[in-house]
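> return atomic coordinates for the entry below.
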Amino acid sequence: MPTEPLPPTLAQVVRRATDIVDPDGVDPEVDELRLAFEDRDEPISAIDDLNGETQSLLARFAVQPPGPAVTMAAAITAYLGHRRDEVGAGDETILRLAARSEFDGKPPGDVADWLRDRAVEV
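Sure, this is the predicted structure:
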């Protein structure tokens, strides 16, 4: 009898988000974000305030505000937390949909430039 797949954990969603924004794993800020959530094994669907969770983490970064890759990773995490059916979508699709959803289609200037450099149209 087929069963529904389990919802992804917060750690899995953050890993997906950080892999999208930093596929080569060279950005230390993105790595800090990944490490901060690596032990969060609760299902993402069980987190009441996912946006608050990611925003509180961003507030702890040494660089204020965090760079556009980290800002976008947080946006992707929040987006995928609500749209778990999109976890397996292509990277460009997730970037575009997360930017539209989390920034109402108008990402901050540095994030917009970062997306443009990756040929992602919001």
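
> got the confidence number for L10?
With respect to pLDDT, L10 scores 92.

> low-confidence regions, this protein specifically.
By pLDDT under 70, the weakly predicted segments of the chain are 1-4, 61-63.

> which stretches of it form helices?
10-21, 28-37, 50-59, 68-82, 91-102, 109-117 (DSSP state H).

> in TSV: these, plus mean neighbour count and distance to P43.
For every residue, glycine as well, the C-beta is placed using N, CA and C. Supplementary listing: those in TSV, determined by neighbours: other Cβ atoms under 10 Å; distance: least, Cβ to Cβ, whole Å:
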stretch	mean neighbour count	distance to P43
helix 10-21	22	8
helix 28-37	18	13
helix 50-59	16	11
helix 68-82	24	10
helix 91-102	19	19
helix 109-117	15	28
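
> need these in a markdown table (columns: distance to I44).
Below are the helices of the chain laid out as a markdown table (distance: least, Cβ to Cβ, whole Å):
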| stretch | distance to I44 |
| --- | --- |
| helix 10-21 | 5 |
| helix 28-37 | 10 |
| helix 50-59 | 7 |
| helix 68-82 | 5 |
| helix 91-102 | 14 |
| helix 109-117 | 22 |
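
> how many neighbours does P7 have?
Neighbourhood size, P7 [other Cβ atoms under 10 Å]: 16.

> for it, what are its contacts?
P7 makes contact with P43, I44, S45, R84 under the criterion Cβ atoms under 8 Å, 6 or more residues apart in numbering.

> show me which of the residues you listed are buried.
By neighbour count, with 16 or more other Cβ atoms under 10 Å, these hold I44, R84 as buried.

> among the contacts of P7, which one sits closest to A74?
Set against A74, the nearest of these by Cβ to Cβ is I44 (13.5 Å).

> that closest one against Y79, yeah?
No. Between I44 and Y79 no contact is recorded; they are 11.2 Å apart, counting by Cβ atoms under 8 Å.
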